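S.K.: sharing a sequence plus its predicted fold:
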There are 2 protein chains.
Amino acid sequence: MSVTLRDVAERADVSVATCSRAFQRPELVGEATRERILAAASALGYRPNRSARALITGRTGVYGVIVPDLENPFFAAVLKGAQARAHELGTQLLITDAGEAPEGELPLVRTLAAQVDGIVLCSSRMDETSLREAVSLTPLSLVNRISPDLSGVYADPLPGIPTALRHLRRTGHTRIGYVGGPPASRSDAVRREVIAEQCAAAGMDWTDIGAFTPDVDGGRRGAEAVLLSDVTAVLVYNDLMALALLERLAGFGVDVPGELSVVGWDDIPFSSLLHPGLSTVQVPRYDMGVTAVDLLHDDATRPRREDPVRTRIGLPTTFVPRGTTGRARAVDPAGTLTP
Amino acid sequence: MSVTLRDVAERADVSVATCSRAFQRPELVGEATRERILAAASALGYRPNRSARALITGRTGVYGVIVPDLENPFFAAVLKGAQARAHELGTQLLITDAGEAPEGELPLVRTLAAQVDGIVLCSSRMDETSLREAVSLTPLSLVNRISPDLSGVYADPLPGIPTALRHLRRTGHTRIGYVGGPPASRSDAVRREVIAEQCAAAGMDWTDIGAFTPDVDGGRRGAEAVLLSDVTAVLVYNDLMALALLERLAGFGVDVPGELSVVGWDDIPFSSLLHPGLSTVQVPRYDMGVTAVDLLHDDATRPRREDPVRTRIGLPTTFVPRGTTGRARAVDPAGTLTP
DNA sequence: TCGCTTGCCGGAAACGATTGCATATCTTCG
DNA sequence: CGAAGATATGCAATCGTTTCCGGCAAGCGA
């Protein structure tokens, strides 16, 4: 059926061993022989059987990626980066959608672990215990999730958030709201800290609008909650929520940015497709994918599994001003009401 | 290291052969033996080594999927469906982004074909000759691409487009434009036919606004072209383009749907996130993914490769009216100008 | 009781590649 | 000139599973 190493060996008139070495350790075979083998291989259109190789080396040349939702454009870009890097490394990606249920993640890891060389885990909602079991099964690389002693890459709120706040401050905003994501999210907590710190330093007030699910529904609810506060600008946990929030606000007839300025987080492609475009903090999604695979590969190809070098990399974010931020309204209509 | 069939065999006090059969052909081993084996396997946490199995059976249990652009939400939903079905079938998906270059697709197929049991090819831009080579390499299932003698699934313009046109007719539109996609696209041609036919039957005029690239840029150019025509409503090749077109139109200060009604195609999630929401023809993306994998699996698991049963399945579309369609403007401002 | 079928099970040969070890040839230096 | 060392190659074991084939025992009819 398909052409095997044996076929190549026969044609080049050498043993299969030498043939194999011509590819694996070229420096071990004579110049002339190597060329004869390579010529034979390409003439025959030889492609190594990955299964056979995997069987003996124990390495499949495939990395697994688990994302919570394939339809979330954030992960799409991460996947693109991951897949580009994987391709460069001569490996493939087994992509899996974990679906809504956080408790499905660990079983998924167990299944995948058996057939891949390592796993990139995106925005995992596993608890620490499960995470620890997961990493005992296979090399692991975390995206958007910080855990002690585990390698991973995340988006640094700096300098994106301070820049955004400075932008708001310069355009007259002093009362900022934060429409948060899931309470369990570590990155949400970190952002709150940065916002608090920066606002204090700049003499601005900030109020916590609440914690919402990081999806369209959460964004809509966020919009309703924002209208109950007296802030003139809001930072939103992610673009998806921000977009939903804008839509809901438009439904209420609220003018953006006239009455309220809105800043998202992620800079998904659709943020610029809106009119006005969504001002947002851009996170290097593509690079996060690249870095995650790099980290994983380093870990997976380390000869001794004894000394795991855990690396956490924070990639910088940038503020992208677009149409949903503008000068703060001069008069606060709600300000005349008593609480 | 890991637990193998041998370990299970020893514990259950049978041969590996019987052990293997207990999983593969349960009816061939005695009831008591089988149960002993199963118990031993689960006690030991046995997981079959896919590489070893693949080596002997020649089947990897993995299907490849090639998409032109992972960031296009259309494909994300297709992937979700595909992956759900693949999971049910006990297989995995190797997802690959073909990137911009159409000429990269064939090499990709060649690479993938060696390590998967079949390939789902989405919106392929390969020419027929390449397609023929591809199908000679591995079982193939086409999404959104019609080719003689190849299995695949596509979105039927019916009844979506006629319904949309009826909707427009009832709201006073008689001059319809079509902002088309790539000229090579077969589905584009089919849609043109359906539009022409339906318009003729309903006494409406339709004009071809032109052929554009199926991306954001194409949508923007489409907007510029639309403003040169005197239509009161346009059908756009896909939602991504429609969204970009709307954004550009908003930039020009054109009121939608006041001055122009817009209908998209696909119903990607963001179409409803806009305000007003995008009226569009919804295509069953998820089901297309499911069906594509079904088709592929049927083909890949057919014992004899002699009689390939090629099946083409058209899934029905539906019109979803939202905010970008409305009553046609009473007076046509451009009508007073001579061409 | 004998021969045959049937049901279960074990032995062993694959599958295609990698790699430790042995072997053969050639250099090189004392 | 001989031995040690370097270089190049082949042999054969091995990875974990599937599956063909043969054997043994039980059951059955004649």
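M.R.: Right, received. Where do you want to start?

S.K.: my guess is A:Leu235 contacts A:Val179. True?
M.R.: Yes: using CB atoms under 8 Å, A:Leu235 is in contact with A:Val179, at 7.1 Å. To be clear about C-beta, it is placed using only N, CA and C from the backbone, and glycine gets the same treatment.

S.K.: how near is A:Gly81 to A:Val309?
M.R.: 22 Å (CB to CB, to the nearest Å).

S.K.: quick one: which of these two has more around it?
M.R.: A:Gly81 (20 against 9; other CB atoms under 10 Å in any protein chain shown).

S.K.: so that one is in which element?
M.R.: Using DSSP states H and E, A:Gly81 maps to helix A:73-88.

S.K.: and what of A:Ile56?
M.R.: Counting by DSSP H and E, A:Ile56 is part of helix A:50-57.

S.K.: please list all residues in contact with the residue of the stretch 51-200 of chain A found nearest DNA strand C.
M.R.: Residue of the stretch 51-200 of chain A nearest DNA strand C, by CB to the nearest atom of the strand: A:Ala52 (3.3 Å). By CB atoms under 8 Å, 6 or more residues apart in numbering or on different chains, the residues touching A:Ala52 are B:Ser51, B:Leu55.

S.K.: pLDDT wise, what is it at?
M.R.: On pLDDT, A:Ala52 comes in at 94.

S.K.: which residues of the stretch 51-200 of chain A lie near DNA strand D?
M.R.: Counting by CB under 7 Å from any atom of the strand, the stretch 51-200 of chain A comes close to DNA strand D at A:Ala52, A:Leu55, A:Ile56.

S.K.: please report how far the last one lies from A:Ala114.
M.R.: Applying CB to CB, the value for A:Ile56 to A:Ala114 is 17 Å.

S.K.: what's the neighbour count on the residue nearest to A:Leu227 when sequence neighbours are not counted?
M.R.: Sequence neighbours aside, A:Phe252 is the residue nearest to A:Leu227 in space, at 6.7 Å (criterion: CB to CB, 6 or more residues apart in numbering or on different chains). Other residues near A:Phe252 come to 9 when the count uses other CB under 10 Å.

S.K.: buried sites along stretch A:135-145?
M.R.: A:Val135, A:Thr138, A:Pro139, A:Leu140, A:Ser141, A:Leu142, A:Val143, A:Asn144, A:Arg145 (16 or more other CB atoms under 10 Å in any protein chain shown).

S.K.: one more: stretch A:182-194?
M.R.: Buried, per 16+ other CB under 10 Å, within stretch A:182-194: A:Ser185, A:Ser187, A:Asp188, A:Val190, A:Arg191, A:Arg192, A:Val194.

S.K.: report pLDDT for A:Leu315.
M.R.: For A:Leu315, pLDDT reads 96.

S.K.: so A:Thr171 sits right up against A:Thr232, yeah?
M.R.: No: taking contacts as CB under 8 Å, A:Thr171 lies outside contact range of A:Thr232: 9.5 Å.

S.K.: report the distance from stretch A:236-255 to the chain centre.
M.R.: 23 Å (CA atoms, centre = their mean, to the nearest Å).

S.K.: lovely, talk soon.
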